[in-house]
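Peer 1: Just need the structure, nothing else, for what follows:
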Amino acid sequence: MRSSLRAAGGRGLGLAAVAVWLAIGAPVVPAAAQEAPAAEPATCTRVEFESAVDSAAEALRDLNNKNRPAFQGKLRQLKEKRGWNDSQFLKEAEPFVKDEEIGVFDARTNELLMSISMLGQEGANAPEPNCAMLGELRAKMRVLIETQTAKWAHMFEKLNGELAK
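Peer 2: The predicted model follows:
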């Protein structure tokens, strides 16, 4: 996994991979990703910066893998229930994946990704790793996962409400 998260140059943390997962709709959080943060050690390593990104990327992938099939299945149920043809479906399904609140989640996600990218690059490239920065990186990764979890919950709530009508 670590190699998949490195930038083309091989030295960066490759948060582009996380961004790609999110861009394709990675909006599933394992319990381990929700645990309270541990106190940061007095010393830390570049590998820990990479590991923090790897762990979050894995949690995001798991989140996406858990939610996407169920969400798509519910969308298909709604399509069948309403008798939509394919072109109607594309139009009618859009509000379930794109609305004002989802826009807020996406904007927050983009802010977090930019901040995480900067922190990850700085931490991995620093002559002496900054453990406080590692703590900040991990905290932002947790918020990113929480944001995506909330986005999925919002989308499911809307879709389930529509299916119940």
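
Peer 1: now the residue nearest the centre of the chain: how far from H154?
Peer 2: With distances taken as Cα atoms, centre = their mean, the chain has L60 as the residue nearest its mean C-alpha position (4.5 Å). Relative to H154, L60 is positioned 17 Å away (Cβ to Cβ, to the nearest Å). Every C-beta, even on glycine, is put in place using the N, C-alpha and C of the backbone.

Peer 1: residue boundaries of the helices in this structure?
Peer 2: Along the chain, counting by DSSP state H, helices occupy 15-23, 31-34, 46-82, 86-97, 100-125, 131-164.

Peer 1: mind putting those in a markdown table, mean pLDDT included?
Peer 2: Output for the helices of the chain, formatted as a markdown table (pLDDT from 0 to 100):
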| stretch | mean pLDDT |
| --- | --- |
| helix 15-23 | 38 |
| helix 31-34 | 40 |
| helix 46-82 | 90 |
| helix 86-97 | 93 |
| helix 100-125 | 89 |
| helix 131-164 | 94 |
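
Peer 1: wait, what's in contact with K79?
Peer 2: 89, 92-93 (Cβ atoms under 8 Å, 6 or more residues apart in numbering).

Peer 1: what about 6 Å?
Peer 2: F89 (Cβ atoms under 6 Å, 6 or more residues apart in numbering).

Peer 1: Distance of it relative to A93?
Peer 2: Counting by Cβ to Cβ, the gap from K79 to A93 is 7 Å.

Peer 1: Can you give me the distance of S115 to E80?
Peer 2: 42 Å.

Peer 1: For those two, indicate the residue with more neighbours.
Peer 2: S115 (15 against 10; other Cβ atoms under 10 Å).

Peer 1: so how far is A59 from the more buried one?
Peer 2: 17 Å.

Peer 1: And the pLDDT for S3?
Peer 2: You'll see S3 listed with a pLDDT of 35.

Peer 1: I figured K74 hits L159, correct?
Peer 2: Yes - in this structure, K74 is within contact of L159 by Cβ atoms under 6 Å, at 5.0 Å.

Peer 1: Pick out whichever of these two has more residues nearby.
Peer 2: Neighbour tally, K74 and L159, criterion other Cβ under 10 Å: the higher count belongs to L159, 20 against 17.

Peer 1: Most distant residue from the centre of the chain?
Peer 2: G83 (32.6 Å).

Peer 1: Nearest spatial neighbour of Q77, chain-adjacent residues omitted?
Peer 2: L163 (6.1 Å; Cβ to Cβ, 6 or more residues apart in numbering).
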